[in-house]
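Mind folding the following:
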Amino acid sequence: GYPNLESGAVEVANKICDGYDILVFFPVSKSSVAYSKLGLLNSKVIIIDKSSFYLQWKYLTARYLFFTHGSQLNTFSKRQVSVNLWHGILYKKVGTLLGQRGIPASFTVSTSELTQKMFSTAFNVINSTVLVTGYPRNDVMINTKIKKQIVKNKISKEFSAFDKIIIWLPTYRKSKDVGFNRRDG
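Got it, this is the predicted structure:
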């Protein structure tokens, strides 16, 4: 996830830990290591420093790679499965739409047939590899009915009278640097 705890990446890491008996490494910057251990991730997730050589080695040797803002690799080994969990819906131009390279991945997650076509073009991937699944981070909101009161207690009292609250926070900016090949740490 970029810059660190992107909600889609967090949800996927948690779901993998809940459903499979495999190690999940979650890279964060040194300044966010303590923050990331505050119950935001499943306790089986291994937090790893983004700037470490160990992370680079794991990135090159991992069987499965999930990313939200592009990958530092332009290609993957044939034994790797890479999944682009892109973090938005392309209200702004990214990838090939800006004249840059695409974002290679074995699979790309999209929210609809419309975004499937958009992602195929912007990331320069075959349309059939863009899967219409919805975003994992939205599953958290959908599945929070049990935790509804906890969520309501965390928000301002002026909103607590409502049964449903919709918050839309799009980013409208022009940027040639959309996350891939960026490093923070």
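
Tell me the backbone dihedrals of the residue nearest to E6 when sequence neighbours are not counted, please.
Using C-beta to C-beta, 6 or more residues apart in numbering and skipping the chain neighbours, the partner closest in space to E6 is T68 (4.5 Å). Glycine gets a C-beta too; all of them are placed from N, C-alpha and C. For T68, the backbone dihedrals (degrees, to the nearest 10) come out as phi -110, psi -20.

go on, D49?
The phi/psi pair for D49 (degrees, to the nearest 10) is phi -70, psi 130.

Any figure for the gap between it and S31?
10 Å (C-beta to C-beta, to the nearest Å).

out of those two, which sits in the busier spot?
D49 (15 against 10; other C-beta atoms under 10 Å).

Quick check: I103 touching V125?
Yes. At 7.5 Å, I103 and V125 qualify as touching, with contact defined as C-beta atoms under 8 Å.

Find residues that contact each of those two.
Here I103 and V125 share the contacting residues N84, scored by C-beta atoms under 8 Å, 6 or more residues apart in numbering.

Between the two, which is the more surrounded one?
Each of I103 and V125 has its neighbours counted (other C-beta under 10 Å); I103 has more, 25 against 20.

is it fair to say that one lies in a strand?
No. The assignment for I103, made by DSSP: H, G, I helix; E, B strand; the rest coil, is coil rather than a strand.

Please read off the pLDDT at it from the model.
We note a pLDDT of 92 for I103 in this prediction.

quick one: contacts for I22?
Counting by C-beta under 8 Å, 6+ apart, the residues that I22 touches are I16.

for it, helix, strand, or coil?
In three-state terms, and counting by three-state DSSP, I22 is coil.

Quick check: it vs Y64, distance?
8 Å.

likewise F162?
40 Å.

Compare the two and say which one has the larger neighbour count.
Applying other C-beta under 10 Å to F162 and Y64 shows that Y64 carries more neighbours, namely 13 against 10.

Now do the strands in this protein.
24-28, 45-49, 64-67, 81-84, 107-110, 130-132 (DSSP state E).

Any idea which of the ones you listed gets closest to T75?
strand 81-84 (9.5 Å; C-beta to C-beta).

what comes into contact with that closest one?
With C-beta under 8 Å, 6+ apart as the test, strand 81-84 has contacts from 63-68, 70-71, 73, 76, 103-109, 119, 123, 125.

helices and strands of the protein: which one has the lowest mean pLDDT?
Every helix and strand of the chain was ranked by mean pLDDT, DSSP states H and E. The lowest is helix 33-36, at a mean of 59.

Report how many residues lie close to Q72.
If you count neighbours by other C-beta under 10 Å, Q72 ends up with 11.

Could you do the one 10 residues further on as well?
Neighbour count of S82, defined by other C-beta under 10 Å: 20.

D163 now?
D163: 6 neighbours (other C-beta under 10 Å).

separation between it and I142?
Distance from D163 to I142, counting by C-beta to C-beta: 15 Å.
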